[in-house]
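[1] model the structure of this input:
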Amino acid sequence: MLVGGTSEAKPATPDIQELADLVKPQIEQKENKSYPTFKAVEYKTQVVAGTNYFIKVDVGQGEYMHLRVLQPLPHLKEQPSLSDYQTGKKESDPLNYF
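    The predicted model follows:
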């Protein structure tokens, strides 16, 4: 991994699913739709002033979404937040920085 770059993609863990679930309501509000399926598939990390998590999420019917979630440094005592997301992704789309 390059300094400031993202890690290699890894299979999603229960902790990553928890992060995705935490920001799901924000995405549903922005997209004005609900996602009955919202399963984290894989993720990458990037160390910044905290950690950026890039998460590929299966939203059902062959569609995927990429999320960027910022986990602030622990001493700030702040919740993770949705920084950005991309819709209209496919399973084969690589999870890249955005």
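[2] T37: what secondary structure?
    Look at T37: counting by DSSP: H, G, I helix; E, B strand; the rest coil, its state is coil.
[3] and it, what does it touch?
    D58, V59, G60, Q61 (Cβ atoms under 8 Å, 6 or more residues apart in numbering). Any C-beta I mention is one placed from the backbone N, CA and C, and that applies to glycine too.
[4] ok, now how distant is the nearest residue to the last one once chain neighbours are set aside from K24?
    Put plainly, it is Q61. Sequence neighbours aside, T37 is the residue nearest to Q61 in space, at 8.0 Å (criterion: Cβ to Cβ, 6 or more residues apart in numbering). Going from T37 to K24 by Cβ to Cβ, to the nearest Å gives 11 Å.
[5] from the contacts of T37, list the buried ones, please.
    Among those, those classed as buried by 16 or more other Cβ atoms under 10 Å are D58, V59.
[6] and the contacts of T37, which is closest to S92?
    D58 (12.6 Å; Cβ to Cβ).
[7] how near is the closest one to T37?
    As judged by Cβ to Cβ, D58 and T37 stand 6 Å apart.
[8] try T13
    Going from T13 to T37 by Cβ to Cβ gives 18 Å.
[9] returning to that earlier point: would you list the contacts of T37 in CSV and tack on pLDDT, distance to N96 and secondary structure?
    Output for the contacts of T37, formatted as CSV (pLDDT from 0 to 100; distance: Cβ to Cβ, whole Å; DSSP: H, G, I helix; E, B strand; the rest coil):
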residue, pLDDT, distance to N96, secondary structure
D58, 98, 18, strand
V59, 97, 18, strand
G60, 95, 22, strand
Q61, 92, 23, coil
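[10] quick one: low-confidence ranges for the chain?
    1-4 (pLDDT under 70).
[11] what ranges does it have for its helices?
    14-31 (DSSP state H).
[12] what sits against P80?
    Neighbouring residues of P80 by Cβ under 8 Å, 6+ apart: L19, L22, V23, Y53, V69, L70, Q71, P72.
[13] for the closest residue to E78 other than its chain neighbours, give the beta-bridge partners.
    Nearest non-adjacent residue to E78, counting by Cβ to Cβ, 6+ apart: P72, 4.3 Å away. Taking DSSP bridges as the rule, P72 bridges to G50.
[14] with that, I have no additional questions.
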